[in-house]
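[1] please work out how this folds:
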Amino acid sequence: MALLQLTLVPLDPATLQPLPSTPALSGVLETLAFFRDPDFARSRFERYGDVYETSLLGQRTVFIRGGQAIGDLFALGDAVQG
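    Down below sits the predicted model:
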């Protein structure tokens, strides 16, 4: 089993950019696609990048992948909710 090693790097607020977001408003169609399409996340990662926001069942949802993106998220500390 391979272990993922994360390196936490402090973020500079001056360089932060808005989170890419799908055009989903209510999240109904996005939720249907989530349950029906096995490539749901992959196709959106290709379109929006390693971190993007969408709406599933009316709830803001952030998808994240990749060591750098996950390390950046954990570096925020209090921003992580489960």
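[2] quick one: low-confidence ranges for the chain?
    Where the chain drops to pLDDT under 70, the residues are 1-11, 77-82.
[3] excluding sequence neighbours, find me the nearest residue to residue 58.
    Closest residue in space to residue 58, ignoring its immediate chain neighbours: residue 27 at 5.1 Å, by C-beta to C-beta, 6 or more residues apart in numbering. In this view, the C-beta of every residue, glycine as well, is placed from N, C-alpha and C.
[4] mind listing what the one you found touches?
    54, 55, 56, 57, 58, 59, 61 (C-beta atoms under 8 Å, 6 or more residues apart in numbering).
[5] can I have the buried ones of these as a PyMOL selection?
    The PyMOL command for the buried members of the contacts of residue 27 (criterion: 16 or more other C-beta atoms under 10 Å) is given here:
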select buried, resi 54+55+56+61
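[6] so which of the contacts of residue 27 comes closest to residue 72?
    residue 61 (17.9 Å; C-beta to C-beta).
[7] next, give phi and psi for the closest one.
    When read as degrees, to the nearest 10, the backbone of residue 61 gives phi -130, psi 130.
[8] secondary structure element holding the nearest residue to it once chain neighbours are set aside?
    Nearest residue to residue 61, sequence neighbours excluded (C-beta to C-beta, 6+ apart): residue 54, at 5.5 Å. In the assignment (DSSP states H and E), residue 54 maps to strand 51-56.
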